[in-house]
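>>> next input, structure requested:
(one chain, ligands or ions: 3)
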Amino acid sequence: MIEERTHAVVRPRPDPESLIELGVPPERIPRHIGIIMDGNGRWAQARGLPRLAGHRAGTHNIRRVLEACTDFGIEVLTIYAFSTENWQRPQMEVEGLMRLLSLTIRKQLNELDANGVQIRHCGRLEGVNERLRQRIEEAVERTRDNDRIILNVAFNYGGRAEILDAVRGIVRDGIPADAITEEVFEQYLYTVGLPDPDLIIRTSGEYRLSNFLIWQAAYAEFYVTPVYWPDFDRQELMKAIRDYASRERRFGRVLTQE
Ligand code: IPE
Ligand code: IPE
Ligand code: MG
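Numbering: from 1, shown residues only. Ligands and ions are numbered 1, 2, ... in the order given. Prediction:
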């Protein structure tokens, strides 16, 4: 599934003061962060508000976390916005989520574009309402040449669906069985061309992947916080990055030798 037109290569330009504030050496900062933005419903419930109010607050929160990631020189931020399983929620909630995404693109596209954000979509567009689909495609197309940070939006995304789509693509292209290496397989994933996530953050205390980047997360570091997504701010992100920076990643090897 080679793309028709390539996206610009990202060249992060971290803000020096933010790096001092973070206090993590640049080589220990993750290149790619994935966030499972969970807890919108509980956030709203705790305030006696409808679930959609939580989704609205959660959507607003994306901006400040994205800004912080840009300041710290993160190359890719993947956000889990809607899973293939989330269609099973009550129709009113699903419709509300679709409206919110559409509205957010409409309201924020200019600013995201001006800030050098390259928007990508990670997931299936089939089954998504035609207007919304057009909006997503337009956002991706318009921001293709931006090179400050990639905002990869996992929307109508499921890791198993992604793997199946990859298998279908490989079969369709008639790739011989012996030629299917991990590198070839990755060319057929939605994340083609992106580095694997180094750090996966899940808010609201759940210790599961919920079908998020299941292939790509093979060696990702996990960070779970009890904080609900709408409350997850720059300080919380710094805690997650500092925690990540303190870990020893081994990739199955023995790293230290006497
Ligand atoms: C995450 O918040 C947003 C989506 C799944 C779209 P939830 O809606 O899952 O919030 P909780 O888990 O019910 O609190
Ligand atoms: C994962 O959250 C999906 C998103 C954050 C979009 P869910 O709330 O849907 O996951 P489960 O149901 O708790 O596993
Ligand atoms: Mg949830």
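
>>> can you tell me what sits against stretch 135-143?
With Cβ atoms under 8 Å, 6 or more residues apart in numbering as the test, stretch 135-143 has contacts from 102, 105-106, 109, 112-113, 117-121, 125, 128, 153, 155. Heads up, the C-betas are built off the backbone N, CA and C, glycines and all.

>>> could I get the buried residue list for that stretch?
Of all the residues in stretch 135-143, those buried under the rule 16 or more other Cβ atoms under 10 Å are 135, 136, 139, 143.

>>> same question, stretch 167-178
By neighbour count with 16+ other Cβ under 10 Å, stretch 167-178 contains the buried residues 170, 175.

>>> what about it, average pLDDT?
Per-residue pLDDT values over stretch 167-178 give a mean of 98.

>>> list the contacts of that stretch.
Contacts to stretch 167-178, defined as Cβ under 8 Å, 6+ apart, come from residues 1, 180, 184, 185, 188.

>>> low-confidence bits of this protein, can you list those?
Within the chain, the stretches with pLDDT under 70 are 1-4, 257-258.

>>> so where do the strands sit in it?
Ranges of strands in the chain, per DSSP state E, are 32-36, 76-83, 117-122, 149-157, 199-202, 221-224.

>>> that older thread, nearest to residue 89, out of the buried residues of stretch 135-143: which one, please.
residue 136 (19.9 Å; Cβ to Cβ).

>>> one step back: for the contacts of stretch 167-178, pick the one with the most neighbours.
Counting neighbours by other Cβ atoms under 10 Å, the top entry in the contacts of stretch 167-178 is residue 188, with 21 neighbours.

>>> how many residues are close by the closest residue to residue 5 other than its chain neighbours?
Counting by Cβ to Cβ, 6 or more residues apart in numbering, residue 5 lies nearest to residue 144, which is 6.8 Å off, once chain neighbours are set aside. For residue 144, the neighbour count with other Cβ under 10 Å is 16.

>>> which residues touch the residue most central in space within the chain?
Nearest to the geometric centre of the chain sits residue 78, at 1.3 Å (Cα atoms, centre = their mean). Residues counted as contacts of residue 78 (Cβ under 8 Å, 6+ apart) are 32, 33, 34, 35, 122, 152, 153, 154, 191, 194, 197, 213.

>>> out of those residues, who's near ligand 2?
Among the contacts of residue 78, no residue sits close to ligand 2 (Cβ under 6 Å from any ligand atom).

>>> make JSON lines from those residues and add neighbour count to it.
Putting those into JSON lines (neighbours: other Cβ atoms under 10 Å) gives the following:
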{"residue": "32", "neighbour count": "22"}
{"residue": "33", "neighbour count": "26"}
{"residue": "34", "neighbour count": "28"}
{"residue": "35", "neighbour count": "26"}
{"residue": "122", "neighbour count": "22"}
{"residue": "152", "neighbour count": "24"}
{"residue": "153", "neighbour count": "24"}
{"residue": "154", "neighbour count": "27"}
{"residue": "191", "neighbour count": "21"}
{"residue": "194", "neighbour count": "21"}
{"residue": "197", "neighbour count": "26"}
{"residue": "213", "neighbour count": "26"}
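
>>> good, we can wrap up now.
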